[in-house]
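Asks: need a structure here:
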Amino acid sequence: MKYQAIQDKMQKMLTDITAGGRDIGMQLAVYHKGELIINAWAGISDVSTKTRVTEHTLFPAFSVTKGIAATMLHILADKGKLDYEQRVCEIWPEFAKNGKENILIRHALDHTAGIPNLPMDIAAAQLNDWDGMCGFIEDMKPLWPTGERQEYHAITYGWIVGRIIELASGMPFADFLKQEVCDPLGINHMFIGITPETMTAHSIATLYEHGFDKNNLNTNGIITIPGCCMPMCGWINQPASVQACIPAVNGLFNAHSLARHYAALLPGGVDGVSLLSEDTLKKATAASSVEVRPDGTSTFGLGYAVGGYDGNHSVFGHGGYGGSNALANKDTGMVFAITKNQFHMESAEMEIYNTVQELLR
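Replies: Numbering: from 1, shown residues only. Here you go, the predicted model:
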């Protein structure tokens, strides 16, 4: 009961935020030094049915998914199945086309591979075709020399990293996620490419966004989000979009699963389970060799150390379009995960994060 007052305060905060209309439905989970101290939820998961959010509601969380995919690759590095300085084509021979033969695994992880782009007119059905998109990646030509420039690989990241994981592990992506992340931690609410059968057994939040502006997705004039994905909420609300395997963007999670995953990455792990060795975690969260953001980035696969979240390499994780986020702080031992279904620029996400920080001081 040590943290009951913090739990109660954050539960009230989420209830007030959703009741007041600032957000529709939310979940919040926080670990501190391996202990779950906050597990709160509030609001509506689907406005049309008035379904309430529960602890187990699954939320599409867009790029939060990248942090999970990266962890899976780091697990393979920990097991000696691959090396960060290894060329991708040594694991994936068909990748060595059109100037990609010298792309290293670390380039895939830190967004310096040079293939962030997708055709504006690519169809949603193509994005949902795992083998077809991996073949598409094989045929791509880098926009600039390998390692020269860091540009966010918004969707292509998933097929690059995901195919490496499959080939290095010798098993389908979803099977590796279950065997190496979910099962050891007892996680039952984490999916990247959910099956139709599993989907019917879960409550999945509907995402909402008012005033969608495609210019918010523009990346230095490079098309990384094709037209079939716009608006983003409309695309990901389609069953086919979450049943496909797109490991950059289409994960379904509850906040507790995300937080538990990150807690198991910190030294000491959670409930006796550590997903990575401390040495691999140190490498995974080291600063990228290509620094392009004023706050510095931690882009070696576990995501960006974003300025609002302390702006240092002790904080690692990955946020998602619209406000869902999951991250861990190596210095304080705090893990924070938030899922939500209303997307707008006035999100209460940072206010919630700062309140948790203050309560733990």
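Asks: for the helix or strand containing Tyr353, the distance to its chain's centre please.
Replies: Taking DSSP states H and E as the definition, Tyr353 sits inside helix 349-360. Offset of helix 349-360 from its chain centre (CA atoms, centre = their mean, to the nearest Å): 21 Å.
Asks: and what of stretch 258-275?
Replies: With CA atoms, centre = their mean, you get 16 Å for stretch 258-275.
Asks: buried residues, it. List them.
Replies: Neighbour counts using 16 or more other CB atoms under 10 Å place 258-266, 269-270, 274-275 of stretch 258-275 among the buried residues. Glycine gets a C-beta too; all of them are placed from N, C-alpha and C.
Asks: same deal with stretch 17-25?
Replies: Per 16+ other CB under 10 Å, stretch 17-25 contains these buried residues: 17-18, 22-25.
Asks: okay, who's weakest in those by pLDDT?
Replies: pLDDT across the buried residues of stretch 17-25 is lowest for Arg22, at 90.
Asks: need the contact list for the residue nearest to that residue when sequence neighbours are not counted.
Replies: Nearest non-adjacent residue to Arg22, counting by CB to CB, 6 or more residues apart in numbering: Ala348, 5.4 Å away. Residues near Ala348 by CB atoms under 8 Å, 6 or more residues apart in numbering: 17, 22-23.
Asks: other residues contacting stretch 85-97?
Replies: 82, 100-108, 135, 137-139, 160, 163-164, 167-168.
Asks: how close does the residue nearest to Arg22 sit to Asn220?
Replies: Per CB to CB, to the nearest Å, Ala348 is found 29 Å from Asn220.
Asks: state the pLDDT value of the spatially most central residue of the chain.
Replies: Nearest to the geometric centre of the chain sits Val64, at 2.0 Å (CA atoms, centre = their mean). On the pLDDT scale, Val64 is placed at 94.
Asks: again, but for Ile44
Replies: For Ile44, the model assigns a pLDDT of 98.
Asks: what's the answer for the one 3 residues further on, then?
Replies: In this model, Val47 is scored at 97, pLDDT.
Asks: and for it, the neighbour number?
Replies: Val47: 13 surrounding residues under other CB atoms under 10 Å.
Asks: which residues are in contact with it?
Replies: Val47 sits in contact with 24, 206, 208, where contact means CB under 8 Å, 6+ apart.
Asks: that one and Thr206: what is the separation?
Replies: To Thr206, Val47 is 7 Å away according to CB to CB.
Asks: partner strands of the top strand by length along the chain, parallel or antiparallel?
Replies: Criterion DSSP state E: the longest strand present in the chain is strand 35-46. Its sheet considered, strand 35-46 pairs with strand 25-32 (antiparallel), strand 51-52 (antiparallel) by DSSP bridges.
Asks: circling back to that earlier point, inside strands: which ones of the contacts of stretch 85-97?
Replies: Using DSSP E, none of the contacts of stretch 85-97 sit in strands.
Asks: select only the buried ones of the residues you listed in PyMOL?
Replies: Typed into PyMOL, the next command selects the buried ones out of those (criterion: 16+ other CB under 10 Å):
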select buried, resi 82+100+103+104+105+106+107+108+137+138+160+163+164+167+168
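Asks: which of the contacts of stretch 85-97 fall within helices?
Replies: Among those, DSSP state H puts 105-108, 135, 137-139, 160, 163-164, 167-168 in helices.
Asks: so what's Ser298 scoring on pLDDT?
Replies: So, for Ser298, pLDDT stands at 41.
Asks: please shift the residue numbers so they start at 13 in all later answers.
Replies: Noted, 13 is the first residue going forward, which turns the last one into Ser310.
Asks: before we move on, back to that, could the buried residues of stretch 29-37 go into JSON lines alongside secondary structure and distance to Asn51?
Replies: Formatted as JSON lines, those follow (DSSP: H, G, I helix; E, B strand; the rest coil; distance: CB to CB, whole Å):
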{"residue": "Ile29", "secondary structure": "helix", "distance to Asn51": "16"}
{"residue": "Thr30", "secondary structure": "helix", "distance to Asn51": "16"}
{"residue": "Arg34", "secondary structure": "coil", "distance to Asn51": "21"}
{"residue": "Asp35", "secondary structure": "coil", "distance to Asn51": "18"}
{"residue": "Ile36", "secondary structure": "coil", "distance to Asn51": "19"}
{"residue": "Gly37", "secondary structure": "strand", "distance to Asn51": "15"}
